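Student: here are the coordinates; sequence isn't available:
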């Protein structure tokens, strides 16, 4: 029996998906976990085949994309540090609907699909954690569906900016967009020119932009505008 | 030990979610399954609390809706016969993001959450089937996200009509919309007036409507238009 790698064990414990695991499950995961350092633009998983690893992201950004037969791609989501991806394909063995590509250089932990599925039967705390994580992943997609059906691009942008700020006590915050505006437009489901219009619409609500730097001068007002679904039935033409 | 109810057993075997179960798992499910007949407009599950039952739909239509704190509702999906709902909340024990409401009178089978979770540990074929079903549910939401980000309302309507027809050999088919146009608009994520415009746009592609009756005169052409993501980057303003 190998000693548990203390670095990997502590990294795994810090990931939201694994935070409630007991020691036995963490040790079992560490034994099959592989740290990965990859450059920008690396394709980690291919659409159309079952993923070989569950991936948890320590540093960097990863885009999850779906490409149609005609070659048009939708950015389904962009994963931030602390996030995981490929869970449902790994648990089910079904082909992934999405590819995963690093948008920046990234540090990840990969956990082999076969080993993970074997552990599920032996480690009840892991099975519970993964069913919970899968429900949260499903919920994130449900929220996007609702956002896209009910909210304007400017409201979706406002909600996205609010999600980037952790501060809740101050009414003003400065933040950096974690990736470029082309990718942000694709993530929000709009064209780049509509993203510019959405930023312009938010200016009157105290949203100031200088390239990737964004200052929210009135979080409360922005929240009132973006979050409570005050939009008409739908903005989609 | 009770004898297995042959009607419920055969209904369970016919549901896509349960089609690969072995006999032991089917019998265990039948023992905890409860048939339900409910009138139109019945709220089967409430948003914000964990669902008490996994529900499989034998007859009728069920709308899954998310309501924001301000009271605006999005129709996330409409379940057709053969479909199931509330799986992820039942497996995880997390509050449901959606309520479920019958759009027509409906026949369902309800399977209690606690009993189902207990069975998971004893019946490997059930665990595999439910992980697979959860991945497919996740995939359905991913597809909606992609549709909403990439396709116009007319393309989404075309794709929806194509999904209603099972026939693939003929190029012409007649079908009935399974629910009213108000709900169809909400499911597609558009206003009713935009749905009318979308139907008008599809007329040139051989889509003829008489109230709820729809004739697709040229399935191949409609498929070329609606499915291969030939739209611009996004239709959303």
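Tutor: Here it is on my side, so go on. Everything numeric in this text was worked out from a predicted model, so none of it was measured.
Student: what residue lies at the spatial centre of chain A?
Tutor: residue A:79 (2.8 Å; CA atoms, centre = their mean).
Student: any idea what that one is bridged to?
Tutor: residue A:62 (DSSP bridges).
Student: which residues sit in contact with it?
Tutor: A:57, A:61, A:62, A:63, A:64, A:85, A:100 (CB atoms under 8 Å, 6 or more residues apart in numbering or on different chains). Quick note: C-beta positions are derived from backbone N, CA and C, even for glycine.
Student: just these now: which is nearest chain B?
Tutor: residue A:64 (8.7 Å; CB to the nearest CB).
Student: quick one: contacts for that closest one?
Tutor: So residue A:64 contacts A:75, A:76, A:77, A:78, A:79, A:85, A:98, A:99, A:100 (CB under 8 Å, 6+ apart).
Student: state the helix or strand in which the second one lies.
Tutor: Here residue A:76 sits within strand A:73-79, counting by DSSP states H and E.
Student: how about the last one?
Tutor: Taking DSSP H and E as the definition, residue A:100 sits inside strand A:99-102.
Student: strand partners (parallel or antiparallel) of that strand?
Tutor: Partners of strand A:99-102 in its sheet, by DSSP bridges: strand A:43-45 (antiparallel), strand A:62-67 (antiparallel).
Student: ok, residues contacting that strand?
Tutor: A:38-47, A:55, A:60-67, A:79, A:85-86.
Student: show the average pLDDT along it.
Tutor: Average pLDDT, strand A:99-102: 98.
Student: got it, and stretch A:201-221?
Tutor: Per-region confidence: stretch A:201-221 scores 94 on mean pLDDT.
Student: re the thing from before, what's the first helix or strand after the strand holding residue A:76?
Tutor: Following strand A:73-79 in sequence, per DSSP H and E, is strand A:84-85.
Student: show me what that following strand is packed against.
Tutor: strand A:53-59 (3 or more CB pairs under 8 Å, 6 or more residues apart in numbering or on different chains; DSSP states H and E).
Student: can you list the domains in chain A?
Tutor: A:6-148, A:151-226 (automatic domain parsing).
Student: centre of the chain to the first one, how far?
Tutor: Averaged C-alpha coordinates place domain A:6-148 at 10 Å from its chain's average position (CA atoms, centre = their mean, to the nearest Å).
Student: in the longest helix that chain A contains, what counts as buried?
Tutor: The longest helix of chain A (DSSP state H) is helix A:124-150. Along helix A:124-150, these residues count as buried under the neighbour rule (16 or more other CB atoms under 10 Å in any protein chain shown): A:126-150.
Student: ok, stretch A:158-175 next?
Tutor: Quick answer for stretch A:158-175 (16+ other CB under 10 Å): A:158, A:159, A:160, A:161, A:162, A:165, A:173, A:175.
Student: now the two most distant members of these.
Tutor: The most widely separated members of those, counting by CB to CB, are A:159 and A:173 (14.7 Å).
Student: and the worst-scoring helix or strand of chain A on mean pLDDT with strand A:53-59, angle?
Tutor: Least confident helix or strand, chain A: helix A:6-14 with a mean of 89, by mean pLDDT, DSSP states H and E. With axes from the mean of the first three to the mean of the last three CA atoms, to 10 degrees defining the directions, helix A:6-14 sits at 90 degrees from strand A:53-59.
Student: what are the contacting residues of helix A:6-14?
Tutor: A:18-19, A:21, A:26-27, A:29-30, A:33, A:35, A:56, A:58, A:82, A:109.
Student: give me the buried subset of those.
Tutor: Judged by 16+ other CB under 10 Å, buried ones among the contacts of helix A:6-14: A:18, A:21, A:26, A:27, A:29, A:30, A:33, A:56, A:58, A:109.
Student: contacts only, for the fifth one.
Tutor: Think residue A:29. A:12, A:18, A:21, A:111, A:119, A:126 are the contacts of residue A:29 under CB under 8 Å, 6+ apart.
Student: among the buried ones among the contacts of helix A:6-14, which lie within helices?
Tutor: Those of these lying in helices (DSSP H): A:26, A:27, A:29, A:30.
Student: with pLDDT added, can I get those residues in TSV?
Tutor: Formatted as TSV, those follow (pLDDT from 0 to 100):
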residue	pLDDT
A:26	95
A:27	95
A:29	95
A:30	95
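Student: tell me the one of those nearest residue B:208?
Tutor: Scanning those for proximity to residue B:208, where the rule is CB to CB, the winner is residue A:29, at 57.5 Å.
Student: got the contact list for residue A:176?
Tutor: A:212, A:213, A:214 are the contacts of residue A:176 under CB under 8 Å, 6+ apart.
Student: before we move on, what's the pLDDT of the spatially closest residue to residue A:82 that is not a sequence neighbour?
Tutor: What sits nearest to residue A:82 in space, not counting adjacent residues and going by CB to CB, 6 or more residues apart in numbering or on different chains, is residue A:16, at 5.7 Å. The score at residue A:16 is 91. That number is its pLDDT.
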